[in-house]
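Visitor: quick one, structure for this:
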Amino acid sequence: MTEEAAVAAYWEAPVATLRGVGDKMAERLARLNIVTVQDLLFHLPSRYQDRTRVTPLGALRVGDEALICGEVLLAEVRYGRRPALLIRINDGTGALTLRLFHFTMQQREQFTPGVWLQCFGEVRPGAATPEMVHPEYRRISGREEAVAETHLTAVYPVTEGIRQATLRQLITRTVEKLAAHDGQDALPDWLPAEARRDLPSLNAALLCIHRPPPRAEGGVLERARTRLAFEELLAHHLCLRRLRQTVARHHAPPLPPDGEQLRRFVRALPFDLTAAQRRVMGEIAADLARPMPMQRLVQGDVGSGKTVVAAAAVVQAVAAGFQAAVMAPTELLAEQHYHNFGRWLGELGITVAWLSGKHKGRTRQAIAGQVADGTVQVAIGTHALFQEAVSFAALGVVVIDEQHRFGVHQRMALREKGRRGGGVPHQLIMTATPIPRTLMMTAYADLDCSVIDALPPGRQPVDTVIVSDARREQVLERVRHAVREGRQAYWVCTLIEESEQLQAQAAADTAVALAAALPEVRVGLLHGRMKPIEKEGVMAEFKAGRTDLLVATTVIEVGVDVPNASLMIVENAERLGLAQLHQLRGRVGRGAAKSACVLLYHGPLSKRGRERLAALRDTADGFEIARRDLELRGPGEVLGTRQSGLMQLRVADLLRDQALLPSVGALARRMLEKEPQRVGLLVRRWVGNAAQYGAV
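Guide: Here you go, the predicted model:
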């Protein structure tokens, strides 16, 4: 084996081949997407600690992370609610107390007066002196033996069962192996030569990221970060482009438009379509007529009329002799789609069924059987639609609403339901969360995009006001006034904890309190832990006007449409993201009455909290709100990447690095055309197992 081949084999070897990594450790490392030795190099630091100089104790400030040394003056066990070992040290400039809650008596005996210690930790306030709680420490013979690092110390993302020190030691050994190649590229650089001209080599960038110089002279750390960010963004972009190519190679049933059926559908609607809706319907109709799978994302602001555009696609599929599936993220939204599609398509003799989680036993079997034999032409539901027990006779188009709530794997699984004779169904994906162009270029490179950029005529602008919860009585009076005027209102409860049980309890308590404060108002309650039949009953009462005030969790965020509701109060609005608040606000302003949204906050608001709420007050433009949300919260929250399995960026930042994206897109196209052999290697390096869905 040549030296180059031996080097390549070392980096591609399983991480379990390293000394000290057994099967159990390898399993834990896999949770961090560390499978090969090379993956250790691409597990990048989340932050750094400065251990490059010893800080005098007298110069410490609370909140500092610092490397210190000092002589032990005394050590004693202090008994209280929690026994603690306290060690007082001094270096001549000041004193500090080390506090250990977990210790042994043998450990206690190490800290005899006169012993010198070198420590690293965070400085906290203490009773007599500043303190460090459970710092890293080692015994030294004296001040002259204190050793500072020559580079910043990396802090890495960890997982349960792997200590920072263990992971750091593994990565350090791997980085030393990289450095030992004396300037030669130990790792193959998959970037084409023309893309590397103004950037450091891959090896130099990795060495700098893991071991940056103390003050990162000359912007060297920033240049290394840019080099790796460019490659990471390129890998994700290539992954999605390759997915697009894979899908395009499949056959899909051509669904030619039936002009007469579509005209009948449009004539039967109780409203006029906007020019934007007609334009997007034309784009979708052209896609469906082709023998390759449509992969189209439809963006539209709250209330822009995406659902009727999707219904037109469903009509085209059914008219061509195929079925359609409509997948929504919640039972509540799925039920609303069922009623809307049933009302619009029933006029055309199209059979629509709702496959709900509440359907059990024979009822569920009967509906699934009708879907399987083609009796049901349009099936609507949540994730229940892609459970293995449900099959379709001839699935032609899949509509996925609020796509960021679903993972890529989930929509691929639903596509597989329609695989027949080597073909797959068309996919239409909708979102009411406008996505900034920066994210579209990178996160949705596998999709064509249509934008419904106009609201239907008659939609009322919603006045948005920001009110402290200290003025709660004024807000209650506003509810009274709305109800006296014959209007209805929402009161949305939020909690910091992502717990449906706690959310439900908060909403229930609020409903009781509001019913007591507003005895003349009929109060309803809706939350995620209610049974589907209970939710249906509550919504039916509210839609029929038999409930005046609906207290709810964010379960009403999308799809709920009650034109008579003209007032929304969002409690603890500072806890929600801008996009989510914009979605909630979209539940009002759907009728002819003037509408308002009250953002009730619990003070004091942080500077960022004030900026976020002010952004919502100042604009109703969903794309502008999405841009601000991206700035304030970052792409992970905006895209919902916890579900998607994509865009879990390690070093790149879509906002900071957006200037790189045009070059990334251009290089991706060239590589796919001229150097396809490098593409898989680059994707494997950065995306790893998350790229596997692309092979579906």
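Visitor: next SSE downstream of the lowest-mean-pLDDT helix or strand in the chain?
Guide: Least confident helix or strand of the chain, by mean pLDDT, DSSP states H and E, is helix 641-644 with a mean of 40. Using DSSP states H and E, the helix or strand that follows helix 641-644 in sequence is helix 661-674.
Visitor: who are the packing partners of that following helix?
Guide: Judged by 3 or more C-beta pairs under 8 Å, 6 or more residues apart in numbering; DSSP states H and E, the packing partners of helix 661-674 are helix 220-249, helix 437-443, helix 676-686. For the C-beta atoms, the positions are set from N, CA and C on the backbone; glycine is no exception.
Visitor: off-centre distance for the last one?
Guide: Yep, that's helix 676-686 we're talking about. Centroid separation between helix 676-686 and its chain, computed with C-alpha atoms, centre = their mean, to the nearest Å, is 24 Å.
Visitor: give me the contacts around that helix.
Guide: 38, 42, 188, 190-192, 231-232, 234-236, 238-239, 242, 650, 671-672, 691 (C-beta atoms under 8 Å, 6 or more residues apart in numbering).
Visitor: can you give me the buried ones in the strand or helix carrying V326?
Guide: Using DSSP H and E, V326 sits within strand 323-327. With burial defined by 16 or more other C-beta atoms under 10 Å, the residues of strand 323-327 counted as buried are Q323, A324, A325, V326, M327.
Visitor: partners of that strand in the sheet?
Guide: Using DSSP bridges, the strands paired with strand 323-327 are strand 378-381 (parallel), strand 395-400 (parallel).
Visitor: now tabulate those strands in a markdown table and tack on distance to T172.
Guide: Compiled in a markdown table, the strands paired with strand 323-327 are given as follows (distance: least, C-beta to C-beta, whole Å):
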| stretch | distance to T172 |
| --- | --- |
| strand 378-381 | 51 |
| strand 395-400 | 45 |
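Visitor: which among the ones you listed is found nearest to L117?
Guide: strand 395-400 (59.2 Å; C-beta to C-beta).
Visitor: against which helices or strands is the helix or strand hosting L85 packed?
Guide: Using DSSP H and E, L85 maps to strand 84-90. Judged by 3+ C-beta pairs under 8 Å, 6+ apart, the packing partners of strand 84-90 are strand 65-78, strand 95-100, strand 116-122.
Visitor: how does it look with 6 Å?
Guide: Applying 3 or more C-beta pairs under 6 Å, 6 or more residues apart in numbering; DSSP states H and E, one finds that strand 84-90 contacts strand 65-78, strand 95-100.
Visitor: which one of those lies closest to S450?
Guide: strand 65-78 (49.7 Å).
Visitor: follow-up on the earlier one: now for the strands paired with strand 323-327, which one comes closest to G349?
Guide: strand 378-381 (11.8 Å).
Visitor: distance from the chain centre to the closest one, please.
Guide: Offset of strand 378-381 from its chain centre (C-alpha atoms, centre = their mean): 26 Å.
Visitor: check stretch 474-493 too.
Guide: Centre-to-centre, stretch 474-493 and its host chain are 34 Å apart (C-alpha atoms, centre = their mean).
Visitor: tell me the buried residues in stretch 462-469?
Guide: When burial is assessed from 16+ other C-beta under 10 Å, stretch 462-469 yields the following buried residues: V462, T464, I466, V467.
Visitor: and the least confident of those residues?
Guide: pLDDT across those is at its lowest for V462, which sits at 90.
Visitor: phi and psi next, for it.
Guide: phi -100, psi 120 (degrees, to the nearest 10).
Visitor: that one: what's it in contact with?
Guide: R585, V588, G589, S595, C597 (C-beta atoms under 6 Å, 6 or more residues apart in numbering).
Visitor: appreciated, that's everything.
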